[in-house]
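Q: Kindly generate the corresponding structure for this input.
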Amino acid sequence: MLFLKKHRVKIGVAFVTLLLVFWLIVALQRSVILLTDPDPVAKALGAAYLLLPLIGAWALVRELAFGAQTEAMARALDAEGGLPVDDLPRTPAGRIVREAADAQFPDYQAAVEAKPEDWRVWFRLSCAYDAAGDRSRARRTMRHAAKLHRGRQ
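A: Residues are numbered from 1 along each chain as shown. The predicted model follows:
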């Protein structure tokens, strides 16, 4: 039970990845069937349908690489003792109180302005965006942190 609790996210990612790979295989098979049909309209549909598994595979690889990079950065920060502390108050449902997250945000933003080339401050800013509920900025900021992290190695 402890294993499941500890690795819940990884198990979920593996399950969704397996479902997507299954869908990619089925879509690829369907596109090949359409491409082998003598009708030109079927061939055109098969060629267009072939793009879906290619785009899906590209997106899957990109997201898995992003997740692995984010996990590597988190491990590095944890080893340095630099992970942001999750001490924000929460609602009874377990969500972070947005006002508390917003109050901490200027500190993280000031750290980025002071050291814009440091991936660590961008990582922590991404966590602050996520705590404040701004998922799109959190992802964009984490991608920037990953780019800086790759550049230093």
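Q: Now do the domain split for this protein, please.
A: As assigned by automatic domain parsing, the chain contains the domains 8-67, 98-152.
Q: need the longest helix for the chain.
A: helix 40-80 (DSSP state H).
Q: Which elements pack onto that helix?
A: Here helix 40-80 touches helix 8-36, helix 119-131, helix 135-152, going by 3 or more C-beta pairs under 8 Å, 6 or more residues apart in numbering; DSSP states H and E. C-beta: built from backbone N, CA, C; applies to glycine.
Q: following that helix, which helix or strand shows up next?
A: Going down the chain from helix 40-80, the next helix or strand is helix 98-114, by DSSP states H and E.
Q: Packing partners of that following helix?
A: helix 119-131.
Q: So what's the residue count around residue 109?
A: By the measure other C-beta atoms under 10 Å, the count of residues near residue 109 is 14.
Q: and residue 23, how far is that from residue 57?
A: 10 Å (C-beta to C-beta, to the nearest Å).
Q: Give me the secondary structure label for the residue of the chain most remote from its centre.
A: Relative to the centre of the chain, the most outlying C-alpha is that of residue 38, 41.8 Å out, by C-alpha atoms, centre = their mean. What DSSP: H, G, I helix; E, B strand; the rest coil gives for residue 38 is coil.
Q: got the contact list for it?
A: With contact set as C-beta atoms under 8 Å, 6 or more residues apart in numbering, residue 38 has no partners.
Q: Could you export the helices and strands packed on helix 40-80 as TSV, including mean pLDDT?
A: As requested, the helices and strands packed on helix 40-80 are exported to TSV (pLDDT from 0 to 100):
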stretch	mean pLDDT
helix 8-36	91
helix 119-131	93
helix 135-152	92
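Q: so of these, which one's packed in deepest?
A: When you average the neighbours per residue for each of these (mean count of other C-beta atoms under 10 Å), helix 119-131 leads with a mean of 22.
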